[in-house]
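Student: Sequence first, predicted coordinates after that:
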Amino acid sequence: MINTARNISEDELHNRILDFVGYVLTAARALYKEPQTYGPMRLVDTLTKSVQLLEDAGVRDASIEGVLAVIRDNRWQVTANPDVFGEALDEAIKQLVEVTLQDAKLQKAE
Amino acid sequence: MSLNVLDSIRTRRSTRSYDTSRRLPEGIMAALEEAVLNSPSGSNAQESHCVIVQDPQQIRRVKRFAQGVSGHPAAVVVLCSNQKEALEKGGIDTSETLRFVNLGIAAAYILLTAQSLGVSSCPARSFHTKAVQQLLRLPEEVVPELLITLGYADQPPRPKTSKPSREVISYDQYGKEHI
């Protein structure tokens, strides 16, 4: 994990936090009535937004970049082709497992 | 240069990522006003109201409570319906159903007018009604029902997938194809 310099002002960070909280709350509220496929869509968008928010605040973790790239490349299929998007989620999870195993190996070696 | 109606229909796709460096063309607001004012309204109730949001700070506030809005649009049209006026002028049918039909027609006019001027758009229904109502200081009876974002797309549109025409259109009776 890398701590980088915060690249936005205090005010802008405050606004981005409010944007993020607003997104999650309104998304959660609406999901009671929205199509089932909107659930995964809102969750992966929440993931993307939260990682972006961490980056804006000066925290970046390169080990999840591959996972995020898989989500980014397939995001458009989330409602158009849910099965394909499901497979993309499997691929992202597989990559995260690999990162986890790699971390475990490093911890053992220490 | 503007596109004709059929070209606008054929080429329009919902846009979820906008080029933030480009401003909307001059004259688009006048064109949108014309589109809204000329859209038909059942029983001539004219109960629809549009709020066109252009102030970047106000767009951000609305977007904060509109999870269905993606990207950074140059403007957001908030299509509202005056429930009281709908009932008074159009009766129960307009109040319960026709006002949504009227808004849908107005929305189509807005989408196609924008497209004809080279401006991309995306309708969004996913937003918190009460929050948007408060932010725009709408009277209680004026309810926001649909948002349309406007701006210049920064990505080429994805190919459209449509059902076969026989599943969507029949001639003379249900299921009968055009000869």
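Tutor: Great, that's in hand. Numbers count the residues shown, from 1 in each chain, chains lettered A, B, ... in the order given.

Student: Now do whichever residue of chain A sits closest to chain B, the pLDDT please.
Tutor: As assessed by C-beta to the nearest C-beta, chain B sits closest to A:Gly22 within chain A, at 3.6 Å. In this view, the C-beta of every residue, glycine as well, is placed from N, C-alpha and C. Looking at A:Gly22, its pLDDT reads 98.

Student: ok, the residue nearest in space to the middle of chain B - contacts?
Tutor: With distances taken as C-alpha atoms, centre = their mean, B:Ala107 lies nearest the centre of chain B, 3.3 Å away. Applying C-beta atoms under 8 Å, 6 or more residues apart in numbering or on different chains, we find B:Ala107 in contact with B:Leu79, B:Pro123, B:Leu146, B:Ile148.

Student: What's the separation between A:Lys49 and B:Gln67?
Tutor: Distance, A:Lys49 to B:Gln67, by C-beta to C-beta, to the nearest Å: 10 Å.

Student: make that A:Leu54, sorry
Tutor: The value you get for A:Leu54 to B:Gln67, if C-beta to C-beta is used, is 20 Å.

Student: So for the two, which sits in the more crowded spot?
Tutor: The neighbour comparison of A:Leu54 against B:Gln67 (other C-beta atoms under 10 Å in any protein chain shown) goes to B:Gln67, with 27 against 13.

Student: How about the contacts made by the more buried one?
Tutor: Contacts for B:Gln67 (C-beta under 8 Å, 6+ apart) come out as A:Tyr23, A:Thr26, A:Ala27, A:Ala30, A:Arg42, A:Asp45, B:Ser126, B:Phe127.

Student: Let me know the pLDDT of it.
Tutor: What the model reports for B:Gln67 is a pLDDT of 97.

Student: now the closest residue to B:Ser14 other than its chain neighbours: how far from B:Leu150?
Tutor: Once flanking residues are discounted, B:Ser14 sits nearest to B:Cys122: 4.2 Å by C-beta to C-beta, 6 or more residues apart in numbering or on different chains. Per C-beta to C-beta, B:Cys122 is found 9 Å from B:Leu150.

Student: and residue 101, how many neighbours does it have?
Tutor: Since you didn't name a chain, this refers to chain A. 10.

Student: You answered for a different chain; I wanted chain B.
Tutor: B:Val101: 14 surrounding residues under other C-beta under 10 Å.

Student: just B:Leu79 next, same as before
Tutor: Neighbourhood size, B:Leu79 [other C-beta under 10 Å]: 21.

Student: same deal with the one 3 residues further on?
Tutor: Residues contacting B:Asn82 under the criterion other C-beta under 10 Å number 20.

Student: Mind listing the residues bridging to it?
Tutor: Listed by DSSP bridges, the beta-bridge partners for B:Asn82 are B:Val142.

Student: Per-residue pLDDT of it, please?
Tutor: With respect to pLDDT, B:Asn82 scores 98.

Student: Show me which residues of stretch B:89-96 are buried.
Tutor: Within stretch B:89-96, the residues that count as buried by 16 or more other C-beta atoms under 10 Å in any protein chain shown are B:Lys89, B:Gly90, B:Thr94, B:Ser95.
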